[in-house]
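Asks: Here is my input; please provide its structure:
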Amino acid sequence: AQTFKHPIIDCAQAFFCKPVEGALNVYSCRKFVGVPDGCYVIGKDAHKYVDEYPQCYSSDTAAFLLMRIEYGCEGKGYEARSVNENRIDHEGCMKMSKLTRTILEGTDYEYIINKRKENFAYVHQLLGSINQIDPTIYMDDETVPMVYPLVVEEDECIQRLFKAKHFQGHWWSYICEEHPEDSFEHWISRYVIPITIDQRYGKEEIDYYVFHQANHFML
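Replies: Reported below is the predicted structural model:
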């Protein structure tokens, strides 16, 4: 295997994955915990030059975390989140904000781990029969999933979910333009629907999602 001098491991979608020795491992906090921004970099000398970074302040654009509780993910909640996303896109490397750090310090990570595993298993029980991939084949007891990847070969499925107020993202859409139609990369980007399974959800919410919108999944 080729050896690289300064390897960087992208763990943005694997917050609980153990770091690889001899590399810098980058973790995204906001994909697993309700924070407006922030990441961890773990590895040799990761602490170097941190004191030279400017301090991040995230409270000015963090209101979307509260808005989505009262207003949901659309309308005001979506607009406020877009403002925060725009801030992140245009900021350079900064020290983690005190707001993000405080939320992370008060987070029950064991609960998050167990809830995500439980929700993933439950969604697979309900939707595994129509899923055109088996997302469990590479999982073990230490795997803590970010989403449940559902693959259904139907282009309009995700748009109908949007109309039914089930807001699921469309990942890697740019790949469809970069790879031929008969490639696996094009296929998975075109049809994958990342079903939300985070700690805010329980069986009641998942049952509603699946059974009340079953026609969208062609069950």
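
Asks: contacts and neighbour counts: CA atoms only from here.
Replies: Will do.

Asks: can you give me the strands in this protein?
Replies: In the chain, the strands defined using DSSP state E lie at 8-10, 24-28, 39-42, 147-151, 192-196.

Asks: Format those as JSON lines; extra columns: mean pLDDT.
Replies: JSON lines is the format used below for the strands of the chain (pLDDT from 0 to 100):
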{"stretch": "strand 8-10", "mean pLDDT": "95"}
{"stretch": "strand 24-28", "mean pLDDT": "96"}
{"stretch": "strand 39-42", "mean pLDDT": "96"}
{"stretch": "strand 147-151", "mean pLDDT": "93"}
{"stretch": "strand 192-196", "mean pLDDT": "90"}
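
Asks: tell me the most buried of those?
Replies: Most buried of these, by mean neighbour count (mean count of other Cα atoms under 10 Å): strand 147-151, with a mean of 22.

Asks: List the pairing partners of that strand within its sheet, with orientation.
Replies: Using DSSP bridges, strand 147-151 pairs in its sheet with strand 192-196 (antiparallel).

Asks: How far does the partner strand sit from its chain's centre?
Replies: The chain centre lies 10 Å from the centre of strand 192-196; the measure is Cα atoms, centre = their mean, to the nearest Å.

Asks: what about the helices in this protein?
Replies: Secondary structure of the chain (DSSP state H): helices at 64-70, 76-90, 98-105, 109-127, 157-163, 175-178, 184-191, 203-211.

Asks: If you average pLDDT over each of the ones you listed, which is lowest?
Replies: When those are ranked by mean pLDDT, helix 157-163 comes last with a mean of 74.

Asks: Extract the C-alpha trace of it and format it as PDB.
Replies: What follows is helix 157-163, C-alpha atoms only, in PDB (Å, rounded to 0.1, in the frame of the first residue of the first chain):
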ATOM      1  CA  CYS A 157     -39.900   9.600  -4.500                       C
ATOM      2  CA  ILE A 158     -37.900  12.300  -2.600                       C
ATOM      3  CA  GLN A 159     -39.900  15.100  -4.100                       C
ATOM      4  CA  ARG A 160     -43.200  13.500  -2.900                       C
ATOM      5  CA  LEU A 161     -41.600  13.200   0.500                       C
ATOM      6  CA  PHE A 162     -40.900  16.900   0.500                       C
ATOM      7  CA  LYS A 163     -44.500  17.700  -0.400                       C
END
